[in-house]
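**Student:** Sequence isn't available, so here's the structure alone:
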């Protein structure tokens, strides 16, 4: 993670598609304002974690697996739609494959 300014601007690259993230212990977490992320994939848990810690007018940029833009598994589509409906998304960009040397720990 790279912090540009605490809570105001964040640029984040999280572990892609993390399945063993302890979601079963965090079902009622206050960070899940836009829906409870699936226990099998932490992509949207990371997104909502960073949204939760942003300043009211803060800006964040996320690097996620391309599948995060279209997945509807385990409520991910509903979470994504809620974040879009809350007017928190300016754009989404699909990057080419093999952009990072190790996609499980991208910079």
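**Tutor:** Cool, got the structure. What you see is a predicted model; the values in this text were computed from it and never measured.
**Student:** show me where pLDDT drops low in the protein?
**Tutor:** 1-11, 100-107 (pLDDT under 70).
**Student:** buried sites along the helix or strand harbouring residue 81?
**Tutor:** Secondary structure assignment for residue 81, by DSSP states H and E: helix 76-85. The neighbour-count check on helix 76-85 (16 or more other Cβ atoms under 10 Å) flags 76, 79-80, 82-83 as buried. In this view, the C-beta of every residue, glycine as well, is placed from N, C-alpha and C.
**Student:** Could you export those residues as TSV, including distance to residue 14?
**Tutor:** Output for the buried residues of helix 76-85, formatted as TSV (distance: Cβ to Cβ, whole Å):
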residue	distance to residue 14
76	14
79	15
80	15
82	19
83	15
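**Student:** List of residues touching stretch 43-54?
**Tutor:** 7-8, 10, 12, 14-18, 21, 23, 26, 30-35, 37-38, 60, 62, 64-65, 68, 76, 79-80, 83, 88 (Cβ atoms under 8 Å, 6 or more residues apart in numbering).
**Student:** By neighbour count, which bits of that stretch are buried? Give me those.
**Tutor:** 43-51, 54.
**Student:** How far does that stretch sit from its chain's centre?
**Tutor:** In terms of Cα atoms, centre = their mean, to the nearest Å, the centre of stretch 43-54 is found 6 Å from the chain centre.
**Student:** picking that back up, same for the helix holding residue 81, what does it pack against?
**Tutor:** Applying 3 or more Cβ pairs under 8 Å, 6 or more residues apart in numbering; DSSP states H and E, one finds that helix 76-85 contacts helix 43-53.
**Student:** Spatially central, which residue of this protein would that be?
**Tutor:** residue 47 (2.4 Å; Cα atoms, centre = their mean).
**Student:** That one and residue 79: what is the separation?
**Tutor:** 8 Å (Cβ to Cβ, to the nearest Å).
**Student:** Residue 52 too?
**Tutor:** In terms of Cβ to Cβ, residue 52 sits 13 Å off from residue 79.
**Student:** how big is the angle separating the helix holding residue 81 from helix 43-53?
**Tutor:** Relative orientation of helix 76-85 and helix 43-53, computed by axes from the mean of the first three to the mean of the last three Cα atoms, to 10 degrees: 30 degrees.
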